[in-house]
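>>> what's the 3D shape of this:
(one chain, ligands or ions: 1)
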Amino acid sequence: MRIEDYALIGDMQSAALVGRDGSIDWLCLPRFDSPSCFTALLGSERNGHWWLGPTGRRAATRRRYRPDTLILESEWDTPTGTVRVIDFMPPRDRNPDVVRIVEGVSGTVQMSTQLRVRFDYGRIVPWVRRTNGHLQAIGGPDSIWLHSPVPLKGGDYAHRATFTVKEGERLPFVFTWHPSHQPMPPRIHAETQLAETEAMWAEWVAKCTYEGPYREAVVRSLITLKGLIYDPTGGIVAAPTTSIPEDLGGVRNWDYRYCWLRDATMTLDALINSGYLDEAAAWRSWLLRAIAGRPQDLQIMYGVAGERRLPEMQLDWLDGYEDSRPVRIGNQAVKQLQLDVYGEVMSCLFVSRTSGLAADDRAWAIQRQLLDYVAEHWDEPDEGLWEVRGPRRHFTHSKVMCWVALDRAVQYVERFGRTGPVERWRELRDAVHAEICEKGFDARRNTFTQSYGSPDVDAALLLMPLVGFLPIDDPRVTGTVAAVEKELMSDGFVLRYPVAEDNDVDGLPGGEGAFLACSFWLVEVMAMQGRKEEARQLFERLLALRNDVGLLAEEYDPRYARMVGNFPQAFSHVPLVHAARALSEPG
Ligand SMILES: OC[C@H]1O[C@H](O[C@H]2O[C@H](CO)[C@@H](O)[C@H](O)[C@H]2O)[C@H](O)[C@@H](O)[C@@H]1O
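As a prediction, this is how the structure comes out:
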C-alpha cells in the first residue's frame, strides 16, 4: 500500500493508520511511542493488522473526513449496494479505543473482517480467548478486547468473520486496549462516543481564526497537528510513525514519535497564529518540566512526557516498508548538538507572549539560562537542523537561529519589561550577525552557503528573511533564493540540500525526495518577494500532492511520484498553514 493510501485517526494520545482497503496497519498503544500492536505497515499482515471491508478486499470507492473532524468515512460501491465504515478513536477517559461502525448505505453488502493482533511491534503472537462472546488477546503487559456484533472464528493465527449489512443497519466494532494485569475495562457505547467525538472536534475547529484563502486545507492541517499533540502532557510528536523510508528501499528510516523542540515550536507557531493559545500554554508547561535542570543538559528532543533516554534500536524481525531496512525505534539524534533549537524555542515563547499568553517567571528564568548557553556555545560546530550523521560543521542556519535567540531575548526585554543583560545580548547579536555575513556568505557566487566555506547551498537558508535576519530585498537574500532555485529544485519542488550517491553532505547512503517543508518555505519567500503568481502556482502544486484526505508525508519523491518519509508529518503541515497565510497578505 502506498503511503498516500493511508488516513489518520487518533485520540491525542496515539494514532492509527487506516488503509484505503479498510485495513488498520499501524497502531501503537497506549501512547504514540508505545510498541505497536498492528505493524503490517512495516512488514506484512503477519505482523498485525485489522481489516474490515466488503468481502473480496478492494480499495474504497471514496473516503473523506467528516467535516472539521478526525473521523474517517470510507465508502465502497459494490454490485449489491453501498457500505460505509466510520473509523475513529474517541478522546480518552481511561482506556484507548478504536471504534469502527459499519453502516449500510444502500442494498445489501457482504462484509468480512480479519484481526491479527501482534504485540511488541509485530512480534508477540498473543493468547486469544472468548469471554461471553467477546474476544480478548493477551500477551505480556498488553491486552485488548474486541466487542463485535458478529462472532469471529480463529484459524491460522488470525480471527475472521463474514456477515451482511443492509441499508439502514449500523454494526459497531469496538477495540479496547488495557494493561493486562487489570480487569476488563467497561464497554463504551460506540454511537454515543461518535456523537461526542464529533462535537469535540467541531468545537475545536470553531475556535480557528484563519479566514484567508485555502481555508479547507489549512483547517485539515490544523486538525492533523492537533492530532499529534499528546494531550496529557502537551508534548507534540513530529509524526505518529517510525521508519517510513525517505528513500524507498533504503536505510533512511527514522523514528519520529518524539517531541522535537524544533518541530514542536513550529507546530505551535501555526496553532498560535490560528487562534489556539491553550496548546501553547500546555506546551510551555511541558517544556519547563522537560528541560528542568542544567542548561547544558538540554536535548533537542524528548519523549512525549519529557523522557530523555530514547535509545535507537533496530527491529530485525520486520522486513520494513517496501523492504526499507532497518526498521528503527528510538532516535540517536537525541544526543546531537543542534544550535538552531535555542532560536526556535526563544522565538516560540516570544510569539506566545505577543499573542496573549500570560507571563510566567519560571519561563523567563529558563529563557535566561538558554541565552547563557547560546552565548557560550554559538560559535561551535553542530549537526544542524537536518540532523546530519556526518561530522559537525558550522551550519549557517544554526548560527542564524542563535542570532534569533539573542534577538528575541532583546525584544522580550524591550517589550515585556523583563530584566537581563540586554546590552551584552545586543552586542553579541550584532557580532553573530557580522560573522554569518562574513563567513557564511560566498560573495563570488552571491549566496549564503550551507556551512562556512561550503560549496553547497541549503534550503534552510530560505528561512533567513522569514525570521528577520535580513530584509527580503537584500541583494544577498535575492542571490541566495536564486541559488536555491537553481541548485535544489527537483521537478519543481525543493530538496533540502544536494543529495547524491557520490556526495557526503549528510553522511548517509542513498538519495531522498524533495522536502515538502522547504517547498512551502519557497512559497512564503516568493510571496514576500512580490512573486505572488509563482508562489500561488507552487502552493497549488504542493496542495495537489496531498492525499485524498488532505495529508502529507515528510517528502515527495519525484522519481516515483510518491510520498516518502514519516506520515503524516507536522513539519509539512506547519509550513502549509504559514504559506497559505502569506498568500492571503496584500501586496
Ligand atoms: O535525515 C536524517 C535525519 O532524519 C530525521 O530528522 C528529520 O526529522 C526531524 C523530525 O521531523 C526533523 O526535526 C529534522 O529536521 C529532520 O532532518 C531523523 O530524526 C534523524 O535521526 C536523521 O538523522
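
>>> from residue 12, how far out is residue 198?
Residue 198 is 15 Å from residue 12, where distance means C-beta to C-beta, to the nearest Å. (Each C-beta comes from the backbone N, C-alpha and C, glycine too.)

>>> any low-confidence regions in the stretch 351-500 of the chain?
The stretch 351-500 of the chain contains residues with pLDDT under 70 at 500.

>>> again, only using 80
499-500 (pLDDT under 80).

>>> residues from it in reach of the ligand?
385-387, 389 (C-beta under 6 Å from any ligand atom).

>>> which of those residues ranks first by neighbour count?
residue 385 (22 neighbours; other C-beta atoms under 10 Å).

>>> so who does that one touch?
By C-beta atoms under 8 Å, 6 or more residues apart in numbering, residue 385 lies in contact with 262, 338, 340, 395, 397-398, 401, 460.

>>> quick check: residue 132 vs residue 386, distance?
Relative to residue 386, and taking C-beta to C-beta, residue 132 is found at 54 Å.

>>> oh, I was asking about residue 473
Separation of residue 473 from residue 386 (C-beta to C-beta) stands at 28 Å.

>>> and residue 331, by the same measure?
Distance, residue 331 to residue 386, using C-beta to C-beta: 14 Å.

>>> what pLDDT is listed against residue 503?
At residue 503, the model reports a pLDDT of 57.

>>> right, and residue 178 touches residue 97 too?
No: contact between residue 178 and residue 97 fails when scored by C-beta atoms under 8 Å: they sit 10.1 Å apart.

>>> who's more crowded, the two?
Remark: of residue 178 and residue 97, residue 97 carries more neighbours, 24 against 19, as counted by other C-beta under 10 Å.

>>> what is the burial count for the closest residue to residue 109 other than its chain neighbours?
Of all residues not flanking residue 109 in the chain, residue 83 sits nearest, at 4.2 Å (C-beta to C-beta, 6 or more residues apart in numbering). By other C-beta under 10 Å, 30 other residues sit near residue 83.

>>> how about the contacts made by residue 285?
Contacts of residue 285 (C-beta under 8 Å, 6+ apart): residue 234.

>>> for it, what is the enclosing helix or strand?
Assigned by DSSP states H and E, residue 285 belongs to helix 277-290.

>>> where does the stretch 1-150 of the chain dip in pLDDT?
133.

>>> ranges for the strands of it?
For the stretch 1-150 of the chain, applying DSSP state E, counting those that start in this stretch gives strands covering 6-10, 15-19, 23-28, 36-38, 49-54, 62-65, 72-78, 81-88, 97-116, 127-131, 134-139, 142-147.

>>> sheet-wise, list the partners of the fourth one with their directions.
Strand 36-38 pairs in its sheet with strand 23-28 (antiparallel), by DSSP bridges.

>>> contacts for the strand it pairs with, please.
1, 6, 14-19, 34-42, 45, 49-53, 87, 98, 240-241, 257.

>>> check the burial of the residue lying closest to residue 226 once chain neighbours are set aside by counting its neighbours.
Among residues not flanking residue 226 along the chain, residue 204 sits closest, at 6.6 Å (C-beta to C-beta, 6+ apart). With neighbours defined by other C-beta under 10 Å, the count for residue 204 comes to 18.
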